[in-house]
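**Student:** Structure here, sequence nowhere to be found:
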């Protein structure tokens, strides 16, 4: 919910709310609405969804709110809230305060999300590696110093090499990664449009960086769990077992902090911390069966809820089949019946289990869901065709020149607005004049109709990356292809990593697409229904619903693959050859100059008795030296 | 004429000195310390360590999957020191690669050091402070000497003082007087000796146990010249260190012999154990190790049969209170700081007390200790500038001396 990429979250939430007005979930809405004014609240939630290919999607979401009711005081993000800590983790709070962070998004991901098979994730996740973006206050013009401090502190907190996000890979996107939370302290309206958000962020600066080659493992999960009020001792978090979580096809762990409005006039603001873990379990791998149970997936069970949690829910998305209906057995069946959302052909069936209610979870008995197909599972569930897809790959060969191809597929029946953001490390020398666009395989000589806006920041060697940001209109049902050429740079031998022959990782590109909200293809993404269940922002949603129209656009972030670039690697023993050679030259030079400076060369006059004497002496000396040399060799 | 040539030679000598300075940037300066000074300087008497806190620096310098065993070695030591009470905040772990979540690992998020796979070393609660490309010689030396950039988080700093006992454990691939870091660079025995000397000058330790498991390991501690350092290695010059056994499912060797047999002793040690260093060193069996392990104790004043293993591997501390601190505790008797119980009774601490102190160290890291350590770091950098100046002066003076000698001797030689 809070980690939604959608800047029009309120609208989408509104839609879901409207569609589900009769659903029992909205009854809880009103009851929990009174909790808005409590200073701190903690919600825990687990979403499960069987995917098309038999994998099971799971999404843990832990939301902590620190509220403030002080209306007069200008809202300063982290500053005004933290006089003391109870539910909100102090280690995060202190970092926010110290580095004047208004909004923070950090995602650790291992594996790649298969958009073709799985559709879009319910909650947004990021591409492979680590992604960090933050809005920093720009009051005292020390954004860069704060960003450096932030990356280092987070590196320490999460046992990751985030300190490698330095100037050479940090960028400031101009169109993508807009505010997800409240951006303007004095504005009552949530960030609904591009214009607003750019004008409102005058006093804040965005910083964005990613590490495509960062491993994600238990040492990152350990500190993440320690931020939870109940750790993994109680509640939904007790399912988090590292051995199972890292034995999955996709793992994404995130922490998002943003300021949000709690009521429609935005008089009550709060800081929201969302911790989430998204995994895709390969449920079929072990026994070939499409049936699954929670204990099988997690090897743990929920025995109780976190006593500090205001709400504690397990949400199950039931699979949709075209031919069959409900040919599965679900144990236990949700006490409030299965909820359905959406229009007929795009209906979503959702089972909600409120763990706080005694009929769902009575403490000695653990909570357990098992899902069984009655006969055989239909081969293919309802095919989810993702509205917009993108892929990126290298072209060219050899160690000098290369090319980059980006494909963008639009499967929608109408044009779609999208923003493409690509960060290319400085060791790829991009030639912008080679940029070309192909539409459905045909070269476009004039692509102004497609590429509405192009922002390009050239790279500085060892200084900053190249940034290419494109504002696009994707024609309906089309395949767009961009190509661009680059040169590979010769690096200094010290700039190569220890495993230089592996190649260099080039981080993913991000495509932010704005698609109509009511397209079933998106699915009821963005975890909007979670927001709904949690009973937060209900009034806000209602307000927006009355004011706006239903045909709003939802933004979806699609990540490309990360790429591996092989640069020419030197023979690493070369420096030693150079050192040896240099030393030889120096010593020769040294000997010569030494002799020249210390010996006085005099012209010896010929044909005199003295000369013979001198010669004889000299010879004797040389002989003596040779003797000494010989003896020393024996030693 | 003569004067002129003398001047010439002096100028040249200076040139040569600065040249040598440029080339040999890491030349050593030995401080002369008499054994008596050493003995009385730190510890109060010859048998007790006198430390108040324990730190561990555990370094695996090897990258790549086939070096699984080096990571397992390091994690085994990590597990041991953690079991014996050193909290994560006092353990700096450097792992050059991630084998636990490596795609080649059949058992994701685990690292085992034995074929039977009973004990998952990675567990559910592991903190790796430096990992991957961060494990470099520079970072290691910066860590030891405390010369880290100001943004460095606490978990990446070795915030020790003159009351700290430090275990430095290293493993990887090495050779005569060097240890490779990630197949890309080496740390030499001289670098290590200098780093320890700098730590000594900056009062960053009370005692150090340096343990290294690599080929020709014993050569790595030959250049250490600072007091109160006990060193042990797995094999002598021209000897390899060998792995112990492999796991057919993991597909590679899982532990090295030296570490395996050291762990055999350590596994029997608990916080109250009276096992001494001498017991450990006596347990070394060259026929099992296939190499000759070494011990260097000439810098270490205490007799080895008086040095408990827990002095380095555990967090059993003897806390000493100064007058003023005692006062302040008396003043705030109700404050949570009343955990600080004076341990006048000498070294032996009853088990309950020991446990409680372990906790003190753990809780303390979150709160009060930051400011103290910050202060410490400030002081350190000051003293380091001093020593740099001393070093510079020394080099320049010796260069001039060298020039004089060289000049005059060559003059003499030429005359002859």
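**Tutor:** Alright, I've got the coordinates. Note that the structure is predicted; figures quoted are calculated from it, not measured.
**Student:** For stretch B:303-314, measure first residue to last.
**Tutor:** Using CA to CA, to the nearest Å, the end-to-end distance of stretch B:303-314 comes to 19 Å.
**Student:** what comes up buried for that stretch?
**Tutor:** B:304, B:306, B:307, B:308, B:309, B:310, B:311, B:312, B:313, B:314 (16 or more other CB atoms under 10 Å in any protein chain shown). In short, each C-beta sits where N, CA and C put it, glycine included.
**Student:** Could you do stretch B:130-138 as well?
**Tutor:** Within stretch B:130-138, judged by 16+ other CB under 10 Å, the buried ones are B:130, B:131, B:132, B:133, B:134, B:135, B:136, B:137.
**Student:** Closest one to residue A:457 out of those, please.
**Tutor:** Nearest to residue A:457 out of those is residue B:133 (CB to CB; 25.8 Å).
**Student:** is it fair to say residue B:398 lies in a helix?
**Tutor:** Yes: counting by DSSP: H, G, I helix; E, B strand; the rest coil, one finds residue B:398 located in a helix.
**Student:** What distance do you get for it to residue B:392?
**Tutor:** 11 Å (CB to CB, to the nearest Å).
**Student:** quick one: which of those two has more around it?
**Tutor:** A count of neighbours by other CB atoms under 10 Å in any protein chain shown puts residue B:398 above the other of residue B:398 and residue B:392, at 14 against 11.
**Student:** Break the chain into its domains for me.
**Tutor:** Using chain A. Domain segmentation of chain A under automatic domain parsing yields A:9-385+A:514-565, A:388-513, A:575-601.
**Student:** hmm, I had chain B in mind actually
**Tutor:** Chain B breaks down by automatic domain parsing into domains covering B:1-30+B:368-416, B:39-313, B:319-367.
**Student:** Now tell me which of the ones you listed the model trusts least on average.
**Tutor:** Least confidently modelled of these is domain B:319-367, at a mean of 42 by mean pLDDT.
**Student:** so which residue of chain A comes closest to chain B?
**Tutor:** Per CB to the nearest CB, residue A:156 is where chain A lies closest to chain B, at 2.4 Å.
**Student:** What ranges does the stretch 201-350 of chain A have for its helices?
**Tutor:** A:218-226, A:242-245, A:294-298 (DSSP state H, counting those that start in this stretch).
**Student:** Give me the neighbour count for the nearest residue to residue A:128 once chain neighbours are set aside.
**Tutor:** Excluding the flanking residues, the one nearest residue A:128 by CB to CB, 6 or more residues apart in numbering or on different chains is residue A:562, at 5.0 Å. Burial of residue A:562 is recorded as 18 neighbouring residues (other CB under 10 Å).
**Student:** cool, residue A:603 as well?
**Tutor:** Neighbourhood size, residue A:603 [other CB under 10 Å]: 5.
**Student:** Can you tell me which of the buried residues of stretch B:130-138 is nearest residue A:447?
**Tutor:** Nearest to residue A:447 among those, with distances taken as CB to CB, is residue B:133, at 39.6 Å.
**Student:** residue contacts, that closest one?
**Tutor:** A:161, A:164, A:497, A:498, B:182 (CB atoms under 8 Å, 6 or more residues apart in numbering or on different chains).
**Student:** how about 6 Å then?
**Tutor:** Applying CB atoms under 6 Å, 6 or more residues apart in numbering or on different chains to residue B:133 gives the contacts residue A:497.
**Student:** and it, that's in a strand?
**Tutor:** No: under three-state DSSP, residue B:133 sits outside any strand and is assigned helix.
**Student:** From residue A:429, how far out is it?
**Tutor:** For residue B:133 relative to residue A:429 (CB to CB), the value is 24 Å.
**Student:** do residue A:451 as well
**Tutor:** 21 Å.
**Student:** Then residue A:512?
**Tutor:** Residue A:512 sits 26 Å away from residue A:429, going by CB to CB.
**Student:** With residue A:466 instead?
**Tutor:** For residue A:466 relative to residue A:429 (CB to CB), the value is 8 Å.
**Student:** more crowded one of the two?
**Tutor:** Comparing residue A:466 with residue A:429 by other CB under 10 Å, the one with more neighbours is residue A:466, at 20 against 17.
**Student:** right, and the more buried one touches residue A:430 too?
**Tutor:** Yes: judged on CB atoms under 6 Å, residue A:466 makes contact with residue A:430 at a distance of 5.1 Å.
**Student:** would you list every one of the helices in the stretch 451-600 of chain A?
**Tutor:** A:528-534, A:538-547, A:574-598.
**Student:** to the chain's geometric centre, what's the distance from the last one?
**Tutor:** Per CA atoms, centre = their mean, to the nearest Å, the displacement of helix A:574-598 from the mean C-alpha position of its chain is 53 Å.
**Student:** do it and chain B meet?
**Tutor:** Yes: contact between helix A:574-598 and chain B, assessed by CB under 6 Å from any CB of the partner chain, occurs at A:597, A:598.
**Student:** list the helices and strands that helix packs on?
**Tutor:** Under the contact definition 3 or more CB pairs under 6 Å, 6 or more residues apart in numbering or on different chains; DSSP states H and E, helix A:574-598 sits against helix B:2-23.
**Student:** Quick one: classify residue 123 as helix, strand or coil.
**Tutor:** In the absence of a named chain, chain A is used. Residue A:123 is classified as coil under three-state DSSP.
**Student:** oops, I was thinking of chain B
**Tutor:** Here residue B:123 is recorded as coil under three-state DSSP.
**Student:** Where does residue B:258 sit, in terms of helix or strand?
**Tutor:** Following DSSP states H and E, one finds residue B:258 within helix B:257-266.
**Student:** Show me the contact partners of that helix.
**Tutor:** Contacts of helix B:257-266 (CB under 6 Å, 6+ apart): B:73, B:76, B:80, B:213, B:234, B:241, B:242, B:244, B:280, B:283, B:289.
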